[in-house]
Each structure stands twice: as structure tokens, then as C-alpha cells.
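S.K.: Give me coordinates for this.
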Amino acid sequence: SSGINAEYGSFEVAEGGFLDVDVTLTDPSGSVIYAANQETEGRFRFSASMGGNYVFCFSNAMSTVTPKVLKFKMIVIQPREADSSDMSEEDKKIKGMIGDLRNQLREVKEEQDYMEIRDNAHSEINRNTNRRVVIWACFEFSLLLCMTIGQIYYIKRFFEVRRVI
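M.R.: Presented below is the predicted three-dimensional model:
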């Protein structure tokens, strides 16, 4: 297509190991556009200035034993079509503003989706942490109860009068 496509997206490791991957994005000529190592989440934005295949590579080389679940989103914004010559200047201006508004709404939606993914991941971490705290508190309670019973038994035996007949 003619023109430049604006493209943006996000990724997040949802499950597996230390939740990290290596990410590389290359253009059709093989030049690296975006690269990140051992990232749990990320966002990128670039302009596709040439036609061809852009390659996304997610590598799990640091943790080959543990499989990962990856959430990935990519949005492509097509360039504006040429304005019709039969449209008035005001119509062209309104059409341009509508296109800009559509793109900005798309970006807001992408941001909301990204935040939802992050919220889900962090909520899971909070649930796991809360579960561990409850288990630890139950263990402490059981330990204190056993120590209390042991001390009562020991003190009771200490003050017991023994008579030898």
C-alpha cells in the first residue's frame, strides 16, 4: 500500500517461570526495529515505511524447560486515503478530524486492554501472596497453641506435689 502504516502493540508473559522473554521485531530488510531482553511486559510503536513481512520473535531461551503463556496485541493504522476533490475544504477537515479521533480512540482502547492484562497478572500475584499469608498465620496459630499446651503441662507437672509413701 502507499503511505506509511502506524503500528503499535503490547505483549505480556501471563504464565511460566520468571515471566520473562526476549523480544525482537525486524523489518523486511532485516533491520531490528525493537528489541528487549528478559522482559515480562512491554509496549512498542513503529511506522511500517516499507512493504513486506515484519517479523516478531519471542524467545524463551533463558528458560527452555518452562513453557510460557504470552499475551500479544498488534494494531495497524492504515494511512488516510486521498481526499476527494469534490469535497469542500470543511468536509475534508471534518473527515480528517474523524480519522484522527478514530485513531486516538483505538489507542485508548489498546491502553485499556494493556492495563487490563497488567491488572489480571498483578491480581493473581496478590491472591497468591494473600493465600501464603493466611497459611503462614494458621501455621503460627497452630505452633502457638502447641506451645501453650506444652507450657501448661510443664507448669502443672512442676507444681504437682509428689509424695513418697
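
S.K.: Any stretches of the protein with poor pLDDT?
M.R.: By pLDDT under 70, the weakly predicted segments of the chain are 1-6, 79-85.

S.K.: redo that, cut-off 50
M.R.: Applying pLDDT under 50 to the chain flags the ranges 1-2.

S.K.: for it, longest strand please?
M.R.: strand 5-15 (DSSP state E).

S.K.: tell me, how many neighbours does Val13 end up with?
M.R.: For Val13, the neighbour count with other Cβ atoms under 10 Å is 22. Where you see a C-beta, it was placed from the backbone N, CA and C, and this is true even at glycine.

S.K.: do the same with the one 4 residues further on
M.R.: Per other Cβ under 10 Å, the neighbour tally for Gly17 reads 15.

S.K.: Not counting residues beside it along the chain, what's closest to it?
M.R.: Once flanking residues are discounted, Gly17 sits nearest to Thr66: 3.7 Å by Cβ to Cβ, 6 or more residues apart in numbering.

S.K.: Show me where this structure has its strands.
M.R.: 5-15, 21-26, 32-39, 41-48, 55-59, 69-77.

S.K.: related to what we said a few turns ago, wait, the residue nearest to Gly17 sits on Val13?
M.R.: No. Using Cβ atoms under 8 Å, Thr66 is not in contact with Val13, being 10.5 Å away.

S.K.: before we move on, the earlier item: show me the contacts for the residue nearest to Gly17.
M.R.: 16-17, 60 (Cβ atoms under 8 Å, 6 or more residues apart in numbering).

S.K.: Over to it: give its phi and psi.
M.R.: When read as degrees, to the nearest 10, the backbone of Thr66 gives phi -90, psi 120.

S.K.: Distance check, it against Met97.
M.R.: 49 Å (Cβ to Cβ, to the nearest Å).

S.K.: And Tyr154, by the same measure?
M.R.: Distance from Tyr154 to Met97, by Cβ to Cβ: 83 Å.

S.K.: Same question for Val32.
M.R.: In terms of Cβ to Cβ, Val32 sits 36 Å off from Met97.

S.K.: So Thr26 sits against Val32, correct?
M.R.: Yes. Thr26 sits in contact with Val32 when judged by Cβ under 8 Å, with a separation of 5.5 Å.

S.K.: Neighbour count: those two, which is higher?
M.R.: Thr26 (16 against 9).
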